[in-house]
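J.: need a 3D model of the following:
(one chain, ligands or ions: 1)
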Amino acid sequence: MFLFHGVITHFMQAEMLKEITDLSEEELERKRAIGSITTKTLSYLTQAFVTGGFNWILPVVFSKATDPLWPDPQASIEKRVEVEIYGREVRAMQSMIVHKITACSLLYGRLFTLSPNIRIERRDRAATGIHAYEFTQLDFEVRHASSRDIMKLVEDLLCGLIAHLRVEAKEELKLLGRDLSVPERPFRIYEVTGNEKEFCWVVNMPREFYDFEDFDTGKWDNYDLYLPGFGEVLSGSRREYEYQKIISKMERDGVRKESYKALLELAKSGRIKPTAGAGIGVERLIAWICGSKHVCEVQPFPRIPGFVGEL
Ligand code: ASN
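T.: A predicted model of the protein is given here:
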């Protein structure tokens, strides 16, 4: 978010636009080191979730019920991918939030998924260094968890990962010129905006209907994690589960209720449980680990807003 200060030079554009077919041997070597860190990171994180008793669910790509990404002051979606299949309108997944809440209520008390998200961001988002129009979220949800529970889980996961990579990906980090150190816990918590130089949480942001909002105090029980010198890598919240609150927020925000029929019916009959969770932007996390200038560098096939390549 802070990297290019909103300006994208021709040089950066040319660099970012390179597909693997255009890379020099040196650049391919760097890409391979990033790939190896990706493998080690995903292996560590998925193993940590499985060991922690989480059920691994497979992703959904087309659905009537995807994240509206609205209202959200950070959102910059220029187009929603909608297609008709079997006579019904569906959207490409923007996040599996509705599926997570539903499955965590009906199936598993703890779950996670590696979920491909399609977000057709405005072209100017190419310059942030942290947006891609296709990316993967490591999305997870826990029944009866508090925000503090999720924050602690994330802090432990991240610190464990850094300690692991310092040993297990020593060569790759050296090749990439990265020296990581394990931060102190707990991370600081800010409202509104954080400190760019440290691991920190930003909390209490007004946004989508599914994040918990206290109607009396006007406070939101949600949280984003920021990485030093990078920007946001995770967002999550304690969730709304009461029918009356969900429906009144959808009406207030102009969200299409017909897209969330299943969720609303379950909530009405009291079958949606209180849950909390979050999603880690996988490419963002790896880009930060690797010191990449742009998240698309960690994608084998870059998905930069505004640029569609051959592969
Ligand atoms: N994954 C996020 C969450 O769990 C939602 C999102 O991606 N917009 O809250």
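
J.: would you work out how far apart the start and end of stretch 170-188 are?
T.: Stretch 170-188 has an end-to-end distance of 28 Å (C-alpha to C-alpha, to the nearest Å).

J.: same question for stretch 52-72.
T.: Start to finish, the residues bounding stretch 52-72 are 31 Å apart (C-alpha to C-alpha).

J.: does that stretch come close to the ligand?
T.: Yes. Under the criterion of C-beta under 6 Å from any ligand atom, stretch 52-72 makes contact with the ligand via residue 67. Every C-beta, even on glycine, is put in place using the N, C-alpha and C of the backbone.

J.: pull out the buried positions in that stretch.
T.: Judged by neighbour count using 16 or more other C-beta atoms under 10 Å, the buried positions of stretch 52-72 are 54, 57, 60, 63, 65, 66, 67, 68, 69, 70, 72.

J.: distance between it and the chain's centre?
T.: Counting by C-alpha atoms, centre = their mean, to the nearest Å, stretch 52-72 is centred 11 Å from the centre of its parent chain.

J.: now swap in stretch 229-246 and tell me
T.: Taking the mean of its C-alpha atoms, stretch 229-246 sits 11 Å from the chain's own mean (C-alpha atoms, centre = their mean).

J.: could you do stretch 155-172 as well?
T.: 20 Å.

J.: make residue 1 into 40 and carry on from there
T.: From this message on, residue numbering opens at 40, which makes the last subject stretch 194-211.

J.: avg pLDDT for it?
T.: Predicted confidence along stretch 194-211 averages 98 (mean pLDDT).

J.: on the three-state scheme, residue 128 is what?
T.: strand (DSSP: H, G, I helix; E, B strand; the rest coil).

J.: once you drop chain neighbours, what's closest to whichever residue of the stretch 40-189 of the chain sits closest to the ligand?
T.: Evaluated by C-beta to the nearest ligand atom, the stretch 40-189 of the chain has residue 134 as its residue closest to the ligand, separated by 3.4 Å. Taking C-beta to C-beta, 6 or more residues apart in numbering as the measure, residue 134 lies nearest to residue 106, with 3.8 Å between them; neighbours along the chain are not counted.

J.: show me what contacts residue 159?
T.: With C-beta atoms under 8 Å, 6 or more residues apart in numbering as the criterion, the residues that contact residue 159 are 116, 117, 118, 119, 120, 172, 344.

J.: kindly state the beta-bridge partners for it.
T.: Counting by DSSP bridges, residue 159 is bridged to residue 118.

J.: now the stretch 190-339 of the chain against the ligand: closest residue?
T.: Closest point on the stretch 190-339 of the chain to the ligand, by C-beta to the nearest ligand atom, is residue 318, at 2.6 Å.
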